[in-house]
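In: coords below, sequence missing:
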């Protein structure tokens, strides 16, 4: 019994390799566009999620009153700490102080009565009435695509969260 010769098998379909290269050349741009589109969409969703979580966690931090060295620590008065929390939750985005706006109001539908300006580190002059006044943290970030292959426009994602400043709550008898 004779063994089949591999070289005779190659000659059976002489244009098969060229056909595969042409098919690959046709499909490759579509696959790359799909891959880049998935990556860009993922980046966009990541930025949106980071901005949303950042504003939520910063306002959550600011609305509480903690206990520090046997004294009450009014977190809503420490603008730099609120901004640090916002930056920590948007860790891959390099937020600057100008991307984070901290405001205080008397409740939904009322006007702002105080703000934390950018660059402020500690502002003990902010006076609120616990239980009724709110702190509002707005975080914004820009998204621009890394490549121009896919026509995705530059967008600004903005998230605002507000919470009532709780104050001291007695728990238990």
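Out: Structure received. Being a predicted model, the structure only gives us computed values, none of them experimental.

In: all helices for the chain, in order.
Out: Using DSSP state H, the helices of the chain run over residues 6-12, 16-62, 79-89.

In: Now the residue most central in space within the chain: closest residue in space, sequence neighbours ignored.
Out: Among the residues of the chain, the one closest to the centroid is residue 50, at 1.8 Å (CA atoms, centre = their mean). The spatially closest residue to residue 50, leaving aside those adjacent along the chain, is residue 90, at 4.3 Å (CB to CB, 6 or more residues apart in numbering). In short, each C-beta sits where N, CA and C put it, glycine included.

In: which residues touch the one you found?
Out: Applying CB atoms under 8 Å, 6 or more residues apart in numbering, one finds that residue 90 lies in contact with 50-51, 53-54, 139, 141.

In: Taking the residues you listed together, which two end up most distant?
Out: Within the contacts of residue 90, two members stand farthest from each other by CB to CB: 53 and 141, at 11.7 Å.

In: neighbour-wise, which of those two wins?
Out: Counted by other CB atoms under 10 Å, residue 53 and residue 141 do not tie: residue 141 has more neighbours, with 20 against 16.

In: on that earlier part again, save the contacts of residue 90 as TSV, and put in pLDDT and distance to residue 160 too.
Out: Conversion of the contacts of residue 90 to TSV gives the following (pLDDT from 0 to 100; distance: CB to CB, whole Å):
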residue	pLDDT	distance to residue 160
50	95	15
51	96	10
53	96	13
54	96	11
139	96	8
141	95	13
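
In: Format the residues you listed as TSV; extra columns: distance to residue 125.
Out: Shown next, in TSV, are those (distance: CB to CB, whole Å):
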residue	distance to residue 125
50	31
51	29
53	29
54	25
139	23
141	29
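
In: where's the nearest residue to residue 142 once chain neighbours are set aside relative to residue 65, distance?
Out: Leaving aside its chain neighbours, residue 142 sits nearest to residue 156 (5.3 Å; criterion: CB to CB, 6+ apart). In this structure, residue 156 and residue 65 are separated by 33 Å, where distance is defined by CB to CB, to the nearest Å.

In: more neighbours, these two?
Out: residue 65 (17 against 11).

In: So what pairs up with the more buried one in the strands?
Out: Beta-bridge pairing of residue 65 under DSSP bridges involves residue 74.
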